[in-house]
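Colleague: kindly return the folded structure for what I paste below:
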Amino acid sequence: MNQPIPYGRQHITDEDIAAVAHVLRGPFLTQGPHIGAFEAAFASYIGCKYAVAIANGTAALHLCCMALGVKEGTRVITTPITFSASANCVRYCGGEVYFADIDSETALLDIKAVRALLEQHPKGFFSGIIPVDFAGYPVDLAAFRELADEYGLWLLEDACHAPGGSIIDETSNTEHRCGDGSLAELAIFSFHPVKHIAAGEGGMITTNDEALYKHLLRLRTHGITNKLNEFTQPYPGEPERGGWYMELQELGYNYRLTDMQAALGTSQLQRVDAMLARRQEIAKRYDDAFAGTNVTIIVPLANVHHAYHLYVIQVDDRKGLYDFLRTKNIMAQVHYIPVHLMPYYREFGWKPGDFPNAERYYARCLSLPMFPTLTDEEQNYVIDSVKEFVGA
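Modeller: You can find the predicted model right below:
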């Protein structure tokens with residue numbers, strides 16, 4: 001291939017461009033009507049009551065931790081196989097991060113490892129869990145909800161990889177969509193260019209909790225409200241408030257999304273199901289091609305509707321394959337270096353050998369190109385190149 005094939009790529013259409021141009025010609029570039037329209041459309045798609053548009057997925061995680069009361073002394077459990085923001089958000093608030101190992105069959109946070117960690121400490125020691133729908137594979141939140149309720153914990157679902165993903169609870173035969181608010185107090189999504197919905201940057205928080213929703217609206221705008229029914233005290237010497245009046249009620253941040261990004265996100269959302277179907281078609285072709293080879297793949301369970309942000313394979317000589325694919329102009333990537341082995345987190349005492357499944361996965365994992373505009377010709381070239389290296 002003459003042109004590099006990246007592991008992920010946005011798809012911008014003429015309709016997307018027209019949507020952004022419409023905003024550019026209008027009166028609002030930010031804090032305008034497109035924000036609310038995007039939030040309403042996204043909430044409808046996910047199946048939750050409320051959605052809050054945020055500057056990016058990391059900011060969304062940060063505000064969720066603030067809204068859930070994370071502070072110095074708060075202890076939260078998450079997975080080491082994720083982007084570091086899933087753990088960093090706890091540290092932003094002064095909390096303590098505890099990791100638990102992954103399930104080697106799914107690369108998701110292992111609920112058995114989480115239970116073991118909880119059982120090693122008295123009830124009340126931990127406050128919450130941040131499970132991650134890694135690569136688009138939905139976490140079994142019904143099982144995590146039961147565990148969280150047993151120990152009095154909240155759940156924050158990191159669904160950045162999984163809009164449109166779902167899992168059927170086989171006990172109740174109920175389908176739970178990622179981020180629908182039915183099991184986790186809060187969930188977050190990302191609109192980075194390689195994600196399902198590309199808005200340049202951007203994120204969304206979803207919830208069914210009205211109090212959390214209202215709190216998040218304040219936190220994303222400096223902790224300020226201009227709503228009369230939310231004012232808490234009169235301004236000294238000013239018995240009547242003019243239309244300009246607002247209150248800074250707590251320390252928040254400027255984590256707003258722009259109307260330009262919201263318009264792009266809304267336009268992309270209109271075809272997200274078609275793009276998801278194409279991702280699943282690409283995954284099926286990879287699955288079929290690597291069956292019976294020296295390539296290890298993750299096959300979702302029958303009750304799982306995988307969203308396939310990533311298509312991850314595992315091979316014995318990952319570095320060799322990575323370098324070989326680069327010579328072929330195939331820009332495969334690694335997701336992720338275990339967070340507990342990053343220099344920052346090793347300062348807290350985490351070390352090699354703490355989570356064998358996560359470390360074994362990392363040593364062998366490689367993400368192949370996965371995006372809706374990947375052509376069959378490009379995918380065949382990727383498949384043939386991988387097989388050439390592994391000797392399949």
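
Colleague: next up, the contacts around residue 333.
Modeller: By Cβ atoms under 8 Å, 6 or more residues apart in numbering, the residues touching residue 333 are 7-8, 366-367. Where C-beta positions appear, they are placed from N, C-alpha and C, glycine not excepted.

Colleague: any idea of the pLDDT on it?
Modeller: Residue 333 is assigned a pLDDT of 98 by the prediction.

Colleague: and it, how far from residue 194?
Modeller: 9 Å (Cβ to Cβ, to the nearest Å).

Colleague: and what of residue 186?
Modeller: For residue 186 relative to residue 194 (Cβ to Cβ), the value is 23 Å.

Colleague: residue 353 against residue 360, yeah?
Modeller: No. Between residue 353 and residue 360 there is no contact under Cβ atoms under 8 Å: 10.9 Å.

Colleague: name the nearest of the contacts of residue 333 relative to residue 171.
Modeller: residue 367 (32.6 Å; Cβ to Cβ).

Colleague: just confirm that closest one is within a strand.
Modeller: Yes. With DSSP: H, G, I helix; E, B strand; the rest coil as the criterion, residue 367 is part of a strand.

Colleague: shouldn't it be in contact with residue 336?
Modeller: No. Here residue 367 does not reach residue 336: they are 9.5 Å apart, not a contact under Cβ under 8 Å.

Colleague: more crowded one of residue 353 and residue 360?
Modeller: residue 360 (14 against 7; other Cβ atoms under 10 Å).

Colleague: enumerate every residue touching that one.
Modeller: Residue 360 touches residue 104, counting by Cβ under 8 Å, 6+ apart.

Colleague: and it, how far is that from residue 316?
Modeller: Taken as Cβ to Cβ, the span from residue 360 to residue 316 is 11 Å.

Colleague: again, but for residue 69
Modeller: Residue 69 is 45 Å from residue 316, by Cβ to Cβ.

Colleague: same question for residue 205.
Modeller: 40 Å.

Colleague: where does residue 192 fall, helix, sheet strand or coil?
Modeller: Recorded secondary structure, residue 192: coil (three-state DSSP).

Colleague: whoops, residue 383 was the one
Modeller: helix.

Colleague: surely it and residue 289 touch.
Modeller: Yes. Between residue 383 and residue 289 there is a contact under Cβ under 8 Å: 4.5 Å.

Colleague: where exactly do the helices run in the stretch 151-300 of the chain?
Modeller: Assigned helices in the stretch 151-300 of the chain, in chain order: 210-219, 259-269, 272-290 (criterion: DSSP state H, counting those that start in this stretch).

Colleague: residue 199: which of those helices is closest?
Modeller: helix 259-269 (4.0 Å).

Colleague: centre of the chain to the closest one, how far?
Modeller: The chain centroid and the centroid of helix 259-269 are separated by 18 Å under Cα atoms, centre = their mean, to the nearest Å.

Colleague: cool, stretch 332-349 as well?
Modeller: On Cα atoms, centre = their mean, the centre of stretch 332-349 falls 18 Å from that of its chain.

Colleague: kindly format the C-alpha coordinates of it as CSV.
Modeller: C-alpha atoms of stretch 332-349 as CSV (Å, rounded to 0.1, in the frame of the first residue of the first chain):
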residue,chain,number,x,y,z
ALA,A,332,-1.1,-0.8,14.0
GLN,A,333,-1.0,0.4,17.6
VAL,A,334,-0.8,-0.9,21.2
HIS,A,335,-3.7,-0.4,23.6
TYR,A,336,-2.6,-0.1,26.4
ILE,A,337,0.6,0.0,28.5
PRO,A,338,-0.7,-1.2,31.9
VAL,A,339,-1.5,2.0,33.9
HIS,A,340,0.0,0.6,37.1
LEU,A,341,3.4,0.4,35.4
MET,A,342,3.5,4.0,34.3
PRO,A,343,6.2,5.9,36.2
TYR,A,344,3.7,8.1,37.9
TYR,A,345,1.7,5.2,39.4
ARG,A,346,4.8,3.2,40.3
GLU,A,347,5.5,6.1,42.7
PHE,A,348,2.5,4.7,44.7
GLY,A,349,4.1,1.2,45.0
